[in-house]
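Participant: missing the sequence, but the structure's below:
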């Protein structure tokens, strides 16, 4: 696979998933961003400076997502090369994780919170690094702090990482997580009345239900594309073939 051949449909889907997860991002990260902003000395709180710091936080966060995506996709490459059957299992797992993410977004099932608990063990070692960067007064500091913040335990991020794992290519895994991260930006960058309006729209039960159904439909489409490989006598897995949707 040519690492530069990054298919647009999966990237567009990842961006939309990030956009639809905006309410979760506001609830989980909005308070952190407010705290970081108020930690800036009052004499340095100009609009231009705060905007630069805010953008820096998010660039660092997305960079961490992309790094994690590349790492897990590299692991997927190793696992897939060892066993085509295992790669197929990873692709199925990725589609199932998308369904769990949809259930989580719609508040139909909150099981992803338990998955977040696994990441809290790692977060205990990473979080102190962020404290050393406070208070943030320069954009490089903001980017570094955002890079630490990107490892905050998040069920939505873990769902997307599972998708990257199934992709089996570091460049594609990084691009997928980058697209997801860009999708979360609008909810975290806007402020004031616009932020409240967007939050209300994303959190509206009808919006969440529609978003969940769209994600479930996408995941079922992924599973359908894998179905021929599960049929008895199928030679796809044995000959290294794989679905073109999860990993392009």
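Facilitator: Ah, there it is. Since the model is a prediction, treat every value here as computed from it, not as a measurement.

Participant: which regions of this protein sit below the pLDDT cut-off?
Facilitator: Within the chain, the stretches with pLDDT under 70 are 1-9, 22-45, 82-83, 168, 191-203, 231-248.

Participant: which stretches of it form helices?
Facilitator: Secondary structure of the chain by DSSP state H: the helices cover 8-20, 22-38, 47-82, 84-105, 112-131, 139-149, 155-167, 170-189, 192-203, 205-230.

Participant: Quick one: residues contacting residue 18.
Facilitator: 25, 179, 180, 181, 182, 183, 184, 185 (Cβ atoms under 8 Å, 6 or more residues apart in numbering). Placement of C-beta: from N, CA and C, glycine included.

Participant: So which residue is dead centre in the chain?
Facilitator: The centroid of the chain falls nearest to residue 157 when counting by Cα atoms, centre = their mean (3.6 Å).

Participant: do you know how far it is from residue 10?
Facilitator: Separation of residue 157 from residue 10 (Cβ to Cβ, to the nearest Å): 16 Å.

Participant: now residue 91
Facilitator: From residue 91 across to residue 10, the span is 12 Å (Cβ to Cβ).

Participant: likewise residue 20?
Facilitator: 15 Å.

Participant: With residue 216 instead?
Facilitator: To residue 10, residue 216 is 16 Å away according to Cβ to Cβ.

Participant: More neighbours: which of those two?
Facilitator: Applying other Cβ atoms under 10 Å to residue 216 and residue 10 shows that residue 10 carries more neighbours, namely 22 against 17.

Participant: That one contacts residue 176, correct?
Facilitator: Yes. With contact defined as Cβ atoms under 8 Å, residue 10 counts as touching residue 176 (6.4 Å).

Participant: Need the overlap of contacts for those two.
Facilitator: Common neighbours of residue 10 and residue 176, using Cβ under 8 Å, 6+ apart, are residue 167.

Participant: burial count for residue 147?
Facilitator: For residue 147, using other Cβ under 10 Å, the count is 23.

Participant: Hmm, residue 63 and it touching each other?
Facilitator: Yes. Using Cβ under 8 Å, residue 147 is in contact with residue 63, at 5.7 Å.

Participant: Now do the contacts for residue 216.
Facilitator: For residue 216, the contacting residues are 98, 99, 102, by Cβ under 8 Å, 6+ apart.

Participant: can you list those residues in TSV and add neighbour count and distance to residue 226?
Facilitator: Shown next, in TSV, are those (neighbours: other Cβ atoms under 10 Å; distance: Cβ to Cβ, whole Å):
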residue	neighbour count	distance to residue 226
98	24	13
99	19	14
102	25	18
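
Participant: Dump the residues you listed to JSON lines, plus distance to residue 162.
Facilitator: Shown next, in JSON lines, are those (distance: Cβ to Cβ, whole Å):
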{"residue": "98", "distance to residue 162": "8"}
{"residue": "99", "distance to residue 162": "11"}
{"residue": "102", "distance to residue 162": "14"}
